[in-house]
Every structure is written in C-alpha cells, then in structure tokens.
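In: let me see the structure of the following:
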Amino acid sequence: MRRAAKNTLRFLRRFWRGLREWCGDAAYESYLRSQGTQSGSGRTLTPAEFYVEQLNRRYSRPSRCC
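Out: Residues are numbered from 1 along each chain as shown. Coordinates of the predicted model:
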C-alpha cells in the first residue's frame, strides 16, 4: 500500500512540474538553473526584472496577426 502511495505521489509531482513547465510558470526557476550552470554569466536577474525582460522579448517583435 505504501508503495502505491509513493508511486502516486511521484506521478503527481512530475505531472505538476510538467504542467508548470508547459504553461511557463516555472520559467524563472529554469532561468536560475541555467544561470548556475554557465560560468561567468554576469549578474542574475530578480524575478521582477526577469518578468519585464520576458515581456520586452515577447512584444518587441512585430505582430503578424492583422
């Protein structure tokens, strides 16, 4: 019984992590992990700075919708 509960909990954690990655909620955590692996990368952005940078990156290009 404990084994089934442990497997279910492991599945739910992986599912939650995947869902956060898919919707972009874990972008800052991914950024921090990538900053930790790069040597000499400079200073790390705060969560607010990262959010603004993401918005600038997304909306600085022309939109082709209209």
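In: residue closest to the middle of the chain?
Out: residue 27 (2.0 Å; CA atoms, centre = their mean).
In: what sits closest to that one if chain neighbours are left out?
Out: residue 54 (6.8 Å; CB to CB, 6 or more residues apart in numbering). (Each C-beta comes from the backbone N, C-alpha and C, glycine too.)
In: and the one you found, what's its pLDDT?
Out: pLDDT for residue 54: 91.
In: helix or strand for it, which one?
Out: With secondary structure defined by DSSP states H and E, residue 54 is part of helix 47-59.
In: what about that helix, distance to the chain center?
Out: Taking CA atoms, centre = their mean, to the nearest Å, one finds helix 47-59 lying 13 Å from the centre of the chain it belongs to.
In: and for stretch 6-17?
Out: 18 Å.
In: alpha carbons of that stretch, in CSV - could you do that?
Out: These are the backbone C-alpha positions of stretch 6-17, laid out as CSV (Å, rounded to 0.1, in the frame of the first residue of the first chain):
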residue,chain,number,x,y,z
LYS,A,6,4.7,6.6,-3.1
ASN,A,7,4.3,6.0,-6.8
THR,A,8,1.1,8.1,-6.9
LEU,A,9,2.9,10.9,-5.2
ARG,A,10,5.8,10.7,-7.5
PHE,A,11,3.5,10.8,-10.5
LEU,A,12,1.6,13.8,-9.2
ARG,A,13,4.9,15.7,-8.6
ARG,A,14,6.1,15.0,-12.1
PHE,A,15,2.7,15.9,-13.5
TRP,A,16,2.7,19.2,-11.6
ARG,A,17,6.3,20.0,-12.7
